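Undergrad: got a predicted model here, sequence first, then my questions.
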Amino acid sequence: MNGTRDETMPALYKSGPGAGLELVEAPVPRPGADEVLIRVLLTGICGTDLHILQWDDWAQGSVRTPLIPGHECVGRIVETGSGVRGLREGQTVGVEGHLTCGRCAQCRSGARHLCLNNINLGVHTDGVFARYVVVPAANVWVHGEGVPLEVASIFDPLGNAVHAATTHPVSGLSVLITGAGPIGLMAAQICARMGARSVVVTDVSSFRLLLAENIDVVPAAAPESGSEELREAGDTPLGFDIGLEMSGAPEALQTMLDAVSPGGRIVALGLPSRETSVDWADISTRMLSIQGVSGRRIPETWRSVAALVANGLDPSFVITHTFRYDQYAEAFATAASGRAGKVLLDWT
Ligand code: ZN
């Protein structure tokens, strides 16, 4: 080990159950044989991190403390474990935050995104809201030349967007997206790019709908917009062919069910914070399909994201704020306000 390296680092920390985070000086973690140490440069604040900060029902049931949260990042490798091959110091990397076991039936059949023993970086184990993070080498994504750092920092949510938007072919079809957070906006951009006939995006935040004006889609207010108005906006009188539910709001799910066509296909990525009821008879008689989507396929989605960015996709319009890490309180408040797209923390 290089003796000149930092022994301690700034980190956002939750010492035990309860709301809030504190900025502390923590020991720099050391990589095991199959792990790498990453110097964190930029991190993204995700909805998951807001749940952890606020310590809501989901967090109380899911999060292990003490914890350094955070899972969206770009950084540089500064040390590799003795057993690591194919990675080296200085590489600019991202991290897949689902730490899969590699041994279960799902992992062994190539479905790591469905791992039976998955644990999540920044939820169950220390994450990226720190100057350094240790992760398994198998979870490292090496960025290609020329990817801007801020775009690299959002490969994780961009992966969610790509995963959802590529679940069904959209070329020539009409698409409704409920929820114009960063993932919904990026999914809209991808659907438009992949040749969707029309893309309509709804949200309760007018700020977020303004961001949608950066891309070639139709922003529409909701829930004020009924399903008829949305169909009109999408020039799709029979209803939308494809629906991407990105909000987790029960009202939006109902709007989605009302607005899709008979035979419509709905991709459900948003996470409702409580149980919600749906009219199964309607799903049955109109022969609707609902496909749950979570995270990214590993590594297929990362490859798709990298190819889209290399071919000119620029999702940076969703990044509206960057704060220094020690301004974390303001950063989290901004992210929670609804008057922001993606909010970044700068650890450089
Ligand atoms: Zn597994």
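TA: Now that the structure is in, tell me what you want to look at.
Undergrad: what parts of this structure come near the ion?
TA: By Cβ under 5 Å from the ion, the residues of the chain that approach the ion are Thr100, Cys101, Cys104, Cys107, Cys115, Asn117. C-betas here are computed from N, CA, C, even on glycine.
Undergrad: pull out the buried members of those residues.
TA: By neighbour count, with 16 or more other Cβ atoms under 10 Å, these hold Thr100, Cys104, Cys107, Cys115 as buried.
Undergrad: ok, which pair from the residues you listed is furthest apart?
TA: Thr100 and Cys104 (8.1 Å; Cβ to Cβ).
Undergrad: any residues in contact with both of these two?
TA: Residues touching both Thr100 and Cys104 (Cβ atoms under 8 Å, 6 or more residues apart in numbering): Cys115, Asn117.
Undergrad: ok, now which ones touch Ser316?
TA: Here Ser316 is in contact with Pro148, Glu150, Val151 (Cβ under 8 Å, 6+ apart).
Undergrad: helix, strand or coil for the residue in the stretch 201-348 of the chain that the ion sits nearest to?
TA: At 10.6 Å from the ion, Ile298 is the closest residue in the stretch 201-348 of the chain, using Cβ to the ion. What DSSP: H, G, I helix; E, B strand; the rest coil gives for Ile298 is coil.
Undergrad: ok, back up a step: okay if I get the buried ones among the residues of the chain next to the ion as TSV plus distance to Asp156?
TA: Output for these, formatted as TSV (distance: Cβ to Cβ, whole Å):
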residue	distance to Asp156
Thr100	15
Cys104	23
Cys107	20
Cys115	17
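Undergrad: following the lengthiest strand in the chain, which helix or strand shows up next?
TA: Longest strand of the chain, by residue count under DSSP state E: strand 35-45. Downstream of strand 35-45, the first helix or strand assigned by DSSP states H and E is helix 47-54.
Undergrad: ok, and for that following helix, which residues are buried?
TA: Gly47, Thr48, Asp49, Leu50, His51, Ile52, Leu53.
Undergrad: pLDDT of that helix, averaged?
TA: Per-residue pLDDT over helix 47-54 has a mean of 95.
Undergrad: off-centre distance for it?
TA: Relative to its chain's centre, helix 47-54 lies at 13 Å (Cα atoms, centre = their mean, to the nearest Å).
Undergrad: now could you export just the CA positions of the longest strand of the chain as PDB?
TA: Provided in PDB are the C-alpha atoms of strand 35-45 (Å, rounded to 0.1, in the frame of the first residue of the first chain):
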ATOM      1  CA  GLU A  35     -12.400  -5.600  -4.800                       C
ATOM      2  CA  VAL A  36     -11.300  -2.100  -6.000                       C
ATOM      3  CA  LEU A  37     -10.900   1.200  -4.200                       C
ATOM      4  CA  ILE A  38     -12.400   4.100  -6.100                       C
ATOM      5  CA  ARG A  39     -11.800   7.800  -5.600                       C
ATOM      6  CA  VAL A  40     -15.300   9.200  -5.900                       C
ATOM      7  CA  LEU A  41     -15.700  12.300  -8.100                       C
ATOM      8  CA  LEU A  42     -19.400  13.000  -8.600                       C
ATOM      9  CA  THR A  43     -22.400  11.300  -7.000                       C
ATOM     10  CA  GLY A  44     -26.100  11.500  -7.900                       C
ATOM     11  CA  ILE A  45     -28.900  11.800  -5.300                       C
END
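Undergrad: that one versus helix 47-54: what angle between them?
TA: Strand 35-45 runs at 80 degrees relative to helix 47-54, counting by axes from the mean of the first three to the mean of the last three Cα atoms, to 10 degrees.
Undergrad: which stretches in this protein count as helices?
TA: 47-54, 57-62, 105-108, 149-152, 155-165, 182-193, 206-211, 227-233, 250-259, 280-285, 300-310, 328-336 (DSSP state H).
Undergrad: next, the buried residues of the fourth one.
TA: Yep, that's helix 149-152 we're talking about. Across helix 149-152, burial judged by 16+ other Cβ under 10 Å covers Glu150, Val151, Ala152.
Undergrad: elements contacting it?
TA: strand 35-45, strand 92-95 (3 or more Cβ pairs under 8 Å, 6 or more residues apart in numbering; DSSP states H and E).
Undergrad: can you do 10 Å?
TA: strand 35-45, strand 72-80, strand 92-95, helix 300-310, strand 319-324, strand 342-346 (3 or more Cβ pairs under 10 Å, 6 or more residues apart in numbering; DSSP states H and E).
Undergrad: pretty sure the residue of the stretch 201-348 of the chain closest to the ion contacts Thr100?
TA: Yes. The pair Ile298 / Thr100 is scored as a contact, 7.0 Å apart, by Cβ atoms under 10 Å.
Undergrad: which residues are in contact with each of the two?
TA: Cys107, Ala111, Arg112, His113, Cys115, Ala138, Asn139 (Cβ atoms under 10 Å, 6 or more residues apart in numbering).
Undergrad: what subset of those is buried?
TA: Judged by 16+ other Cβ under 10 Å, buried ones among those: Cys107, Arg112, His113, Cys115, Asn139.
Undergrad: of those, closest to Glu96?
TA: Asn139 (4.5 Å).
Undergrad: can you tell me the closest non-neighbouring residue to Asp326?
TA: Closest residue in space to Asp326, ignoring its immediate chain neighbours: Leu23 at 6.1 Å, by Cβ to Cβ, 6 or more residues apart in numbering.
Undergrad: show me what contacts that neighbour?
TA: Pro10, Ala11, Leu12, Tyr13, Phe129, Ala130, Tyr325, Asp326, Gln327, Tyr328, Ala329.
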